[in-house]
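1. Please find the sequence and the predicted model below.
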Amino acid sequence: GQNIDQPTEMTATEGAIVQINCTYQTSGFNGLFWYQQHAGEAPTFLSYNVLDGLEEKGRFSSFLSRSKGYSYLLLKELQMKDSASYLCAVRDVGNYGQNFVFGPGTRLSVLP
Amino acid sequence: KAGVTQTPRYLIKTRGQQVTLSCSPISGHRSVSWYQQTPGQGLQFLFEYFSETQRNKGNFPGRFSGRQFSNSRSEMNVSTLELGDSALYLCASSLDYGQGYEQYFGPGTRLTVT
């Protein structure tokens, strides 16, 4: 089956660093994505990992370990505008080809 | 460059009716995916189209269907609407088909079934 787990909510302070974890179990794997979604808005792409290791993109970094079925999104120098939901998604191989499986999302609140 | 556009933005239908939603991808993008988002189930993949062909499909009943036109614009149709179909339907486009291509989401169509 397919299963993606993320913490439901997290709280952090402006200027701090926060790590959002994602664990997944899928029948196939063809890449892991992180998206940011502000309330009432559409998701926006943050990062993509297909090989093990760390991908850095400004204040945001994403890590992947395929053998452990584990990823994390690291947000540095937190800003108030980073308050949003963060969605982990895996491109899985299903019965009808590849499809995207999304986690439930982690709602991050950044406090002053 | 204009982003992904979806029409209509809001829609109210009654049970048993059918509905068609439209998505225009970013110019030059050839792949279009559709998602359903609800508070209880989160974001769920419906299907992906590329070159007018359905390439991937999620775990939804046959009442949900879609198509893509030669200009990459896409439509999705839901027949015999049920109350549980009330959701935000999101369309996303990407430059090409296959792993790694970044998806750009449209603003969504909010469907309410009464």
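-> Nice, thanks for sending it over.

2. Chain A contacts on chain B?
-> Residues of chain B found near chain A (Cβ under 8 Å from any Cβ of the partner chain) are B:33, B:35, B:42-45, B:48, B:55-59, B:90, B:99-100, B:102-108. From N, CA and C alone the C-beta is placed, and that goes for glycine too.

3. and these, which of them are in strands?
-> Among the residues of chain B next to chain A, the ones falling in strands (DSSP state E) are B:33, B:35, B:42-45, B:48, B:55-57, B:90, B:104-105.

4. Residue A:102 is in contact with residue A:88, isn't it?
-> Yes: here residue A:102 reaches residue A:88: they are 7.4 Å apart, a contact under Cβ atoms under 8 Å.

5. Comparing the two, which shows the higher neighbour count?
-> A side-by-side neighbour count of residue A:102 and residue A:88, using other Cβ atoms under 10 Å in any protein chain shown, places residue A:88 first with 26 against 21.

6. what secondary structure does the more buried one sit in?
-> For residue A:88, the assignment made with DSSP: H, G, I helix; E, B strand; the rest coil gives strand.

7. separation between it and residue B:43?
-> Distance of residue A:88 to residue B:43, computed by Cβ to Cβ, to the nearest Å: 11 Å.

8. Can you pull out the low-pLDDT segments for chain B?
-> By pLDDT under 70, the weakly predicted segments of chain B are B:1, B:98-100.

9. ditto for chain A
-> Of all residues in chain A, those with pLDDT under 70 make up the ranges A:1, A:94-97.

10. what helices or strands is the one helix or strand residue A:34 maps to leaning on?
-> Residue A:34 belongs to strand A:32-37 when assigned by DSSP states H and E. Helices and strands touching strand A:32-37, by 3 or more Cβ pairs under 8 Å, 6 or more residues apart in numbering or on different chains; DSSP states H and E, are strand A:18-25, strand A:44-49, strand A:60-65, strand A:70-75, strand A:84-94.

11. Just say which of these is most tucked in.
-> Mean neighbour count (mean count of other Cβ atoms under 10 Å in any protein chain shown) peaks for strand A:84-94 among the helices and strands packed on strand A:32-37, with a mean of 22.

12. So which elements touch that strand?
-> Applying 3+ Cβ pairs under 8 Å, 6+ apart, we find strand A:84-94 packed against strand A:3-5, strand A:18-25, strand A:32-37, strand A:70-75, strand A:97-102, strand A:106-111, strand B:42-50.

13. So for residue A:11, which of those strands sits nearest?
-> strand A:106-111 (4.8 Å; Cβ to Cβ).

14. now the closest one against strand A:32-37, angle please.
-> Compare the direction of strand A:106-111 with that of strand A:32-37 by axes from the mean of the first three to the mean of the last three Cα atoms, to 10 degrees and you get 50 degrees.

15. Could I get the buried residue list for strand A:106-111?
-> Within strand A:106-111, the residues scored as buried using 16 or more other Cβ atoms under 10 Å in any protein chain shown are A:106, A:107, A:108, A:110.

16. right, and the pair among the residues you listed with maximum separation?
-> The distance between the two most remote of the buried residues of strand A:106-111 (Cβ to Cβ) is 12.7 Å, for A:106 and A:110.

17. joint contacts of residue A:102 and residue A:88?
-> Both residue A:102 and residue A:88 are contacted by residue A:4, under the criterion Cβ atoms under 8 Å, 6 or more residues apart in numbering or on different chains.

18. For the helix or strand containing residue B:11, what is the distance to the chain centroid?
-> Element membership for residue B:11 (DSSP H and E) is strand B:10-13. Relative to the chain's own centre, strand B:10-13 is displaced by 15 Å; criterion: Cα atoms, centre = their mean, to the nearest Å.
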